[in-house]
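K.L.:
Any chance you can model this:
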Amino acid sequence: MKHKLIVLITIFCFSSIFLNACQQSTPNSSDKNLVAESASPDSVTIPSSNTITETGPLETGKVAVSDTIDTNGLNEYWKRDGIQFPADSEATLSLYVGAEKNSDGNFSFDDGQDWLLILETKLGSYQIFPRQYVQLGGVSCSVFNDEENVFHILVTVQQTAGYQIFDYIFDENSNTFEQTKIYDAGGINFIFEEHWNDKI
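P.N.:
The predicted structure is shown next:
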């Protein structure tokens, strides 16, 4: 009888240990939630940045008045005076490029060069598009006031394999520009670009 009791106690102990191990190896519903939450950062699908998003800008930043602007090695590509600027003032917008200018006034472009867009105002000078190397492409811009009379500079960076559009919105409270990248396409095969005012 004593022997049988010892055997039963031993079987009971091993059964308890086995059941406890099974419970630890199988997570309950709350444990599964914890596992899912910890894994979520790696399982989130990030939408492609090569499309315009309606939920918000791709990149943002601020552009303030610059104390010094380096135009060394750059030539003035074009200049526009008398731009209507907030506070009933005028501004000058200039685009610079790191390309040599020939005697006939045309530029000799390489595979890539630096570009720089500067806005000169009574507040100071802004590097709207800071000096940046653009390969197989160039920089262009549009200036307008929106329906709320807010001043915008829309900058386009066009390359054979990329296309970016930046919106610079002037904030009269801080006297700075809010920069927003509203479009960013990479790995494209650019075909051509035509401007309506090229025909005027």
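K.L.:
is it true that Tyr126 touches Phe177?
P.N.:
Yes: the pair Tyr126 / Phe177 is scored as a contact, 6.3 Å apart, by Cβ atoms under 8 Å. For glycine as for every other residue, the C-beta is placed from the backbone atoms N, C-alpha and C.
K.L.:
so what sits against both of those two?
P.N.:
Taking Cβ atoms under 8 Å, 6 or more residues apart in numbering as the criterion, Tyr126 and Phe177 both touch 63-64.
K.L.:
Please pull out the lowest mean pLDDT helix or strand from the chain.
P.N.:
helix 29-43 (a mean of 37; mean pLDDT, DSSP states H and E).
K.L.:
In its sheet, which strands sit next to the helix or strand following that helix, and in what direction?
P.N.:
Next in sequence after helix 29-43, counting helices and strands by DSSP states H and E, comes strand 59-63. Strand pairing for strand 59-63, using DSSP bridges, gives strand 176-186 (antiparallel).
K.L.:
And the strand it pairs with, what's buried?
P.N.:
For strand 176-186, a neighbour-count test (16 or more other Cβ atoms under 10 Å) marks 176-181, 183-185 as buried.
K.L.:
now stretch 139-150
P.N.:
For stretch 139-150, burial by neighbour count (16+ other Cβ under 10 Å) applies to 139, 141, 143.
K.L.:
Which single one of these is nearest to Phe190?
P.N.:
Val139 (14.3 Å; Cβ to Cβ).
K.L.:
Which residue ranges make up each domain of the chain?
P.N.:
Under the assignment automatic domain parsing, the domains of the chain span 2-43, 59-192.
K.L.:
Just name the most buried of those domains.
P.N.:
Across the domains of the chain, the average number of neighbours (mean count of other Cβ atoms under 10 Å) peaks for domain 59-192, which reaches a mean of 15.
K.L.:
show me where the protein has helices.
P.N.:
2-25, 29-43 (DSSP state H).
K.L.:
ok, and what's touching stretch 130-138?
P.N.:
By Cβ under 8 Å, 6+ apart, stretch 130-138 touches 70, 74, 97, 111-116, 157-162, 190.
K.L.:
Ok, stretch 77-90 next?
P.N.:
Contacts with stretch 77-90, where a contact means Cβ under 8 Å, 6+ apart, come from 91-97, 99, 107, 119, 121-122, 143, 145, 151, 170, 172.
K.L.:
Swap in 7 Å and give it another go.
P.N.:
Identification of contacts with stretch 77-90 by Cβ atoms under 7 Å, 6 or more residues apart in numbering yields 91-97, 121-122, 143, 151, 170, 172.
K.L.:
now stretch 167-174
P.N.:
Contacts for stretch 167-174 (Cβ under 7 Å, 6+ apart): 63, 86, 128, 150-155, 177-180, 182.
K.L.:
again, only this time at 8 Å
P.N.:
Here stretch 167-174 makes contact (Cβ under 8 Å, 6+ apart) with 62-63, 85-87, 128, 150-155, 176-180, 182.
K.L.:
No further questions, thank you.
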